[in-house]
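coordinates only, no sequence provided:
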């Protein structure tokens with residue numbers, strides 16, 4: 001199954017004030033879409049902490065933990081919640097299914113577990129980009145009495161997911177800032193060991209999330225970008241100084257001069273030694 005095959009089934013739609021502050025994370029047995037109607041809170045999830053305010057939305061796939069924490073418990077934090085599956089294989093489960101705290105969560109009770117690369121991590125949109133209106137339409141349709149409402153809700157949910165994915169992977173200011181932070185880390189630490197896990201730990205994100213985001217925004221993988229930056233730096237050093245190739249290889253993060261030579265020749269069609277003789 002691919003993302004293009006989804007056909008969401010809407011199981012519930014509610015509007016309420018979030019007025020509890022769990023220490024543990026909440027985990028749901030189906031998917032969740034949250035839309036913030038008023039107030040502010042921190043949203044904790046696996047790839048970071050987000051400042052949620054009016055107009056923001058969040059999507060959590062089945063079994064993805066989340067936790068809201070209000071900045072001021074005295075002020076209302078109101079939101080919409082849509083309960084859904086990504087397919088219609090379990091339309092027999094019609095009623096809202098209560099989520100669990102993480103330590104009580106039982107994976108055997110998951111209703112319809114669909115794993116897609118695009119939805120491995122939560123989709124968090126902190127800015128008011130019009131997505132809250134899409135969620136409100138789903139809510140209104142669920143509580144209305146129009147014919148073919150389940151079909152329309154499915155289309156609205158699909159539209160929401162596509163729009164949220166495009167914003168999170170392509171155009172949001174938060175994503176652009178994160179891409180620049182990733183590049184900045186590489187430009188500063190290219191001499192050392194650099195992996196997706198190391199960058200993710202430094203920036204406070206999940207390794208898969210930053211790898212997916214970087215590839216979607218730049219068109220190249222993190223590994224490829226790092227290698228290209230190291231090779232470009234080595235090329236510059238080889239042409240402006242007479243330091244030993246072994247030293248340049250080490251400074252640019254290569255394990256040996258031979259390792260540098262192999263990658264260098266593949267990119268520039270000549271070895272470091274041949275470049276210096278030109």
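Sure, I can see it. Quick caveat: nothing in here was measured; it's all calculated off a predicted structure.

dihedrals phi and psi, residue 69?
phi -140, psi 120 (degrees, to the nearest 10).

how many other residues sit next to it?
16 (other CB atoms under 10 Å). C-beta here means a position set from N, CA and C on the backbone, and glycine is covered the same way.

swap in residue 255?
10.

check residue 5 too.
10.

okay, now the domains of the protein?
3-171, 174-276 (automatic domain parsing).

save those as a markdown table, and put in mean pLDDT too.
Listed next are these as a markdown table, based on pLDDT from 0 to 100:
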| stretch | mean pLDDT |
| --- | --- |
| domain 3-171 | 91 |
| domain 174-276 | 91 |
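
quick check: the gap between residue 184 and residue 269.
Taking CB to CB, to the nearest Å as the measure, residue 184 falls 30 Å from residue 269.

and if you look at residue 24?
For residue 24, the distance to residue 269 - CB to CB - is 57 Å.

which of those two has more neighbours?
Taking other CB under 10 Å, residue 24 and residue 269 do not tie; residue 24 has more neighbours (13 against 8).

please, which helix or strand holds residue 36?
Residue 36 is part of strand 31-38 when elements are defined by DSSP states H and E.

just checking: what are the partner strands of that strand?
Strands that pair with strand 31-38, judged by DSSP bridges, come out as strand 57-60 (antiparallel), strand 78-85 (antiparallel).

mind listing residues that contact that strand?
The contact list for strand 31-38 (CB atoms under 8 Å, 6 or more residues apart in numbering) reads 8, 15, 52-62, 66, 76-86, 99, 131-132, 135-136, 138, 157, 160.

go on, stretch 116-129?
Residues contacting stretch 116-129 (CB under 8 Å, 6+ apart): 1-3, 6, 43, 45-48, 50-61, 64, 66, 86, 131, 161, 163-165, 167-168, 172-174, 206, 208-209, 212.

and with 7 Å instead?
3, 43, 45-47, 50-52, 54-61, 64, 66, 131, 164-165, 167-168, 172, 174, 206, 208-209 (CB atoms under 7 Å, 6 or more residues apart in numbering).

I only care about the residues you listed that end up buried; give me the PyMOL line for that.
Only the buried members of the contacts of stretch 116-129 enter the following PyMOL selection, criterion being 16 or more other CB atoms under 10 Å:
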select buried, resi 43+45+46+47+50+52+55+56+57+58+59+60+61+64+66+131+164+165+167+168+172+206+208+209
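
among the contacts of stretch 116-129, name the ones in strands.
Among the contacts of stretch 116-129, the ones falling in strands (DSSP state E) are 43, 45, 50-52, 57-60, 66.

the closest residue to residue 164 other than its chain neighbours pairs with what?
Sequence neighbours aside, residue 123 is the residue nearest to residue 164 in space, at 4.6 Å (criterion: CB to CB, 6 or more residues apart in numbering). On the basis of DSSP bridges, residue 123 is bridged to residue 59.

neighbours around residue 123, how many?
21.

how about residue 22, secondary structure?
coil (DSSP: H, G, I helix; E, B strand; the rest coil).

you'd agree it is up against residue 68?
No: counting by CB atoms under 7 Å, residue 22 does not reach residue 68; the two are 8.5 Å apart.

ok, those two, which is more surrounded?
Set residue 22 next to residue 68 and count neighbours by other CB under 10 Å: residue 68 wins out with 20 against 11.
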